[in-house]
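1. Sequence first, predicted model second:
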Amino acid sequence: MALELWKEKNIWDPFEDFRKEMESVLGRFSRLYPREVVRVEEFIPMTDVYETENALVVKVDLPGLTKKDVSVKVKGNNLEINGEKKSEKEEKKRNYHVSERYYGKFYRSFVLPDYVDKSKVSATFENGVLEVSIPKKEEEKAIDVEVR
């Protein structure tokens, strides 16, 4: 457990009593309200945003979705990605021990920098990964300058 780290390093923890009390309270709470009862209506998919020489790229992990489940829009200076992961039909016969898969709507918004060409945005969806590419404007591409 992460809280044991303090003891392993022999460092005095001024909050040790508080941590023990919180673990006790949270432990009692989690037994009263098991994880399976709590349902998430919205989730945040994992996203990478990076820059190449020619474009700004946004990759979003959306396992279990198809391109029909996803919407990509440019509104003003914002890139908006949203959609919905629909829940599978719940079967009453199943005896779940753990239920951690997320379902519901999602929404991500990113402010686009001035140096990208918002009129040339492209998006592909393959193997549960959405990739949005926003090319840089021609005048903004880096130019190598020789140092003499």
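-> Okay, I see it.
2. Would you map out the domains in this structure?
-> Following automatic domain parsing, the chain resolves into domains at 2-37, 47-87+101-139.
3. Out of those domains, which is closest to residue 147?
-> Counting by Cβ to Cβ, residue 147 lies closest to domain 47-87+101-139 out of the domains of the chain; the figure is 19.6 Å. Where you see a C-beta, it was placed from the backbone N, CA and C, and this is true even at glycine.
4. how long is that closest one end to end?
-> One end of domain 47-87+101-139 to the other measures 28 Å (Cα to Cα, to the nearest Å).
5. In JSON lines, list the domains of the chain along with mean pLDDT.
-> What follows is those, written out as JSON lines (pLDDT from 0 to 100):
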{"stretch": "domain 2-37", "mean pLDDT": "59"}
{"stretch": "domain 47-87+101-139", "mean pLDDT": "92"}
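6. which residue sits closest to the residue nearest in space to the middle of the chain, ignoring its sequence neighbours?
-> Nearest residue to the geometric centre of the chain (Cα atoms, centre = their mean): residue 46, 2.6 Å. Among residues not flanking residue 46 along the chain, residue 61 sits closest, at 4.5 Å (Cβ to Cβ, 6 or more residues apart in numbering).
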